[in-house]
Each structure stands twice: as C-alpha cells, then as structure tokens.
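**Student:** have a look at this prediction, sequence included:
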Amino acid sequence: MWLAIAAVLAVGGLLTFAGSLVAGALAEHGTVRSLAAVAMAGFVVMIVSAFPYAKGGTARVIGASTAPEGGAVLVDNPSQAFLAELEDRS
C-alpha cells in the first residue's frame, strides 16, 4: 500500500510539475505566476513521495533486514525453496 501511495504522489507530482511548466510556456503572461505556484506544489509532492516509499521500502516487501550488529541478514518467513538452497550451518 505504501509503495502505491508513493507511486501516485511521485507520478502525480511529476505530471503537475511538468504540465504547469508547459502550460506556463504557452499561456499569457498574466497567468504565469499562478502556474509557477502549481509547479512548486508539484515539486514538493514529488519530494514528499520519498517518505511513503521509505515506509514501505524494499526491506519490508522482501521480508529481510540486517541484524543489529550488521553481520547477518534476518529473513522473515523464508520459503522452503530458499531454505533448501542454504548451506548446512549446523
């Protein structure tokens, strides 16, 4: 869900930003200031999209994270095929 929110914010912000710049280039001179505000809002939305991406990032999707000491990778609910590929560490 978080990655979908991040994608909507990023794409929506990009389209808003680019669309307002194109519209500003084609518009009359009196409307350029309001279109600049829309472009800035689109840019801010693109930046804000990084936060939901970090919240639902790759580690959360694949179910793995690093151990607190950093020397190992902890996998949540590994599949049987994954376990079969691991070397015997007993």
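**Tutor:** Done, it's in. Here the structure is a predicted model, which is why all the values come from computation and not from measurement.
**Student:** only C-alpha atoms from now on, for both contacts and neighbour counts.
**Tutor:** Fine.
**Student:** how near is residue 71 to residue 65?
**Tutor:** 11 Å (CA to CA, to the nearest Å).
**Student:** higher neighbour count, the two?
**Tutor:** Taking other CA atoms under 10 Å, residue 71 and residue 65 do not tie; residue 65 has more neighbours (15 against 8).
**Student:** so what's the more buried one bridging to?
**Tutor:** Judged by DSSP bridges, the bridge partners of residue 65 are residue 74.
**Student:** isn't it right next to residue 74, touching?
**Tutor:** Yes. In this structure, residue 65 is within contact of residue 74 by CA atoms under 8 Å, at 5.3 Å.
**Student:** buried set for stretch 29-45?
**Tutor:** For stretch 29-45, the neighbour count (16 or more other CA atoms under 10 Å) marks 32, 35, 36, 38, 39, 40, 42, 43, 44, 45 as buried.
**Student:** ok, residue 13 - how many residues close by?
**Tutor:** Neighbours of residue 13 (other CA under 10 Å): 24.
**Student:** to which secondary structure element is it assigned?
**Tutor:** If you go by DSSP states H and E, residue 13 is part of helix 2-26.
**Student:** ok, residue 72 touching residue 66?
**Tutor:** Yes. With contact defined as CA under 8 Å, residue 72 counts as touching residue 66 (5.9 Å).
**Student:** what sits in contact with each of these two?
**Tutor:** Residues touching both residue 72 and residue 66 (CA atoms under 8 Å, 6 or more residues apart in numbering): there are none.
**Student:** list the contacts of residue 75.
**Tutor:** Taking CA under 8 Å, 6+ apart, one finds 63, 64, 65 in contact with residue 75.
**Student:** which of those lies closest to residue 22?
**Tutor:** Residue 22 lies nearest to residue 63 out of the contacts of residue 75, by CA to CA, at 41.8 Å.
**Student:** for the closest one, which non-adjacent residue is spatially closest?
**Tutor:** Closest residue to residue 63 apart from its sequence neighbours, by CA to CA, 6 or more residues apart in numbering: residue 76 at 5.2 Å.
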